[in-house]
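Asker: What follows is a predicted protein model with its sequence.
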Amino acid sequence: MAERARFPRRVYGRGEEPDPRFSLANERTFLAWVRTSLALLAAGVALEALALPVDPVLRLASAVVFVVLGLLSAAQAWLGWARAEIAMRRATPLPAPSLAPVVAGGVVLASALLVVGLLL
């Protein structure tokens, strides 16, 4: 009964309590996505804060892409944690990280913008 009172109820109110090792591993994955989010946000801010020899328009575009990716990574952290916890509680297969391909593609895009900006 105590686990049904935990937040968020939409996660903890389902299924059976999984092995604590699996829940702790899920939390570590959550924290890895949060670290990724912070790194992407820092990259976006640093691009605009530092005087880099990059075309200003492409530098700004790359910075915006990094900041948006940082926000998406934070969303992935929360959504991925909740989806994995629910799957473990229901004893169903773990879902794939839904935003991971978007984040990876965005990093490639932002990096390409920087390379082009350096060459101009």
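Answerer: Thanks, I have the structure now. Numbers count the residues shown, from 1 in each chain.
Asker: With residue 56 as the reference, measure out to the nearest residue to residue 82 once chain neighbours are set aside.
Answerer: Nearest residue to residue 82, sequence neighbours excluded (Cβ to Cβ, 6 or more residues apart in numbering): residue 11, at 5.1 Å. C-betas here are computed from N, CA, C, even on glycine. Using Cβ to Cβ, to the nearest Å, we find residue 11 at a distance of 44 Å from residue 56.
Asker: which residues sit in contact with residue 47?
Answerer: Residue 47 makes contacts with 54, 59, 60, 62, 63, 66, 114, as judged by Cβ atoms under 8 Å, 6 or more residues apart in numbering.
Asker: Who has more neighbours out of residue 11 and residue 56?
Answerer: residue 11 (16 against 10; other Cβ atoms under 10 Å).
Asker: quick one: contacts for that one?
Answerer: 82, 85, 86, 89.
Asker: Make a markdown table out of the residues you listed and add distance to residue 44.
Answerer: Formatted as a markdown table, those follow (distance: Cβ to Cβ, whole Å):
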| residue | distance to residue 44 |
| --- | --- |
| 82 | 26 |
| 85 | 30 |
| 86 | 31 |
| 89 | 36 |
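Asker: how many neighbours does residue 27 have?
Answerer: Residue 27: 13 neighbours (other Cβ under 10 Å).
Asker: typo on my end, it should be residue 38
Answerer: 13.
Asker: That one contacts residue 70, doesn't it?
Answerer: Yes: contact status for residue 38 versus residue 70: in contact at 7.2 Å, counting by Cβ atoms under 8 Å.
Asker: any residues in contact with both of those two?
Answerer: Going by Cβ under 8 Å, 6+ apart, no residue sits against residue 38 while also sitting against residue 70.
Asker: List the buried residues in the top helix by length along the chain.
Answerer: The longest helix of the chain (DSSP state H) is helix 56-90. For helix 56-90, the neighbour count (16 or more other Cβ atoms under 10 Å) marks 58-63, 65-70, 72-74, 76-77, 80-89 as buried.
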